[in-house]
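Peer 1: coords below, sequence missing:
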């Protein structure tokens, strides 16, 4: 945009023809003008006090100033170069507002800057300087990888009131047994029993099994849209030395007793303990959608009490923990039918000593409320 100066009106010292491009002002006039370049209106002020009334008014562009001598370009902004040398007339030059300032200079100076950013040109480094806060606009902070936390009004992630672990409800830990060929003992605290909790084992009959469920075994209390979690503390005993015993603890289709050992057929997720023939159990994380099984071997120490936890997240993955340590993550063959918590033991041996057995101190199911 051209420079401007208040009260920039000066008198031309003499007359000039239509082709002259250098004019001289009355002494001292150059100091009243802004710095070149700029546009100015030149007219016969003696006959036309208002320049818009002069038929020969002209806008010129002043490109240089040397004391009181101006170098000009004629016929600007749609005006015509004209003779300005009528005798005894005063010709004035004013560096005032013209259409060029409004129509060209201002839009060019304050036009919005448009630029298209490509994804490849954006660098998203782990810098928090421009994160949103209570004092300025900004970027959203990096996600905390915690589905219970949300961006709050201070620009930080937090668990909302009533959210997180407090926004989950726990299904009753009352058990009901289905024991066609097994034994379920309920050892409660302070009864003199050697083991507190629930003791589940087969009776040594070949092909026998025993099942324990949380609540009604024929109903589905576990809803997969509610991010189910089951937690249990348990350990096994009496491993079948011939490797013929299996124990399972987790969630599944409780009604499908015929498929209870078909881990790739019955929908489920949890932990399985398979006697390894060496007086212990091989432990694996397992899940199935009914078309196949995903299984991850964890360890061979089923005789020791551990806290087992399996968590389904948004139907997209299941994470398995032992004593708080993540031991497996499954993203394939995830079950999708609503189920129940149960555990079972099964034996293919008719030897009384080969009684696959699991002792559970406690077991809970947790579901999201929302």
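Peer 2: Arrived safely, thanks for sending. Quick caveat, the model's predicted, so the values are computed rather than measured.
Peer 1: Can you get me a residue count around residue 34?
Peer 2: Using other CB atoms under 10 Å, residue 34 has 16 neighbouring residues. Quick note: C-beta positions are derived from backbone N, CA and C, even for glycine.
Peer 1: I should have written residue 134 there, sorry.
Peer 2: 8.
Peer 1: Please parse the protein into its domains.
Peer 2: As given by automatic domain parsing, the domain ranges for the chain are 9-110, 169-368.
Peer 1: Return the residues in contact with residue 110.
Peer 2: Listed by CB atoms under 8 Å, 6 or more residues apart in numbering, residue 110 has no contact partners.
Peer 1: And the domains of the chain, which one averages the lowest pLDDT?
Peer 2: Mean pLDDT values for the domains of the chain show the minimum at domain 169-368, a mean of 66.
Peer 1: Which parts of the stretch 1-150 of the chain are strands?
Peer 2: 9-11, 22-24, 38-44, 58-66, 69-76, 91-94, 150-151 (DSSP state E, counting those that start in this stretch).
Peer 1: For the next helix or strand after the last one, report the contacting residues that lie outside it.
Peer 2: The first helix or strand that comes after strand 150-151 along the chain, using DSSP states H and E, is strand 157-158. Residues outside strand 157-158 that contact it (CB under 8 Å, 6+ apart): 141, 143, 144, 146, 149, 150, 151, 152.
Peer 1: Could you tell me the average pLDDT over strand 157-158, please?
Peer 2: Mean predicted confidence for strand 157-158 is 81.
Peer 1: rewinding a little: of the strands of the stretch 1-150 of the chain, flag the one that's most buried.
Peer 2: strand 38-44 (a mean of 23; mean count of other CB atoms under 10 Å).
Peer 1: which residues are contacting that one?
Peer 2: Strand 38-44 has contacts (CB under 8 Å, 6+ apart) with 2-4, 8, 12, 33, 51, 54, 56-62, 76-77, 84, 86, 89-96, 98, 100-101.
Peer 1: Direction-wise, compare it with strand 69-76 and give the angle.
Peer 2: 80 degrees (axes from the mean of the first three to the mean of the last three CA atoms, to 10 degrees).
Peer 1: Strand 38-44 to strand 58-66, inter-axis angle?
Peer 2: Counting by the same axes, to 10 degrees, strand 38-44 lies at 120 degrees to strand 58-66.
Peer 1: For strand 38-44, which strands pair with it and how are they oriented?
Peer 2: strand 58-66 (antiparallel), strand 91-94 (antiparallel) (DSSP bridges).
Peer 1: Show residues contacting the longest one.
Peer 2: Contact partners of strand 58-66, identified using CB under 8 Å, 6+ apart, comprise 30, 33, 35-43, 70-77, 79-82, 84, 93, 95, 98.
Peer 1: One more: stretch 2-21?
Peer 2: 23-26, 29-30, 32-40, 42, 68, 71-74, 81-87, 89-96, 101, 105.
Peer 1: picking up where we left off before, in CSV, list the strands of the stretch 1-150 of the chain along with distance to residue 308.
Peer 2: As requested, these are exported to CSV (distance: least, CB to CB, whole Å):
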stretch, distance to residue 308
strand 9-11, 93
strand 22-24, 98
strand 38-44, 84
strand 58-66, 87
strand 69-76, 88
strand 91-94, 92
strand 150-151, 29
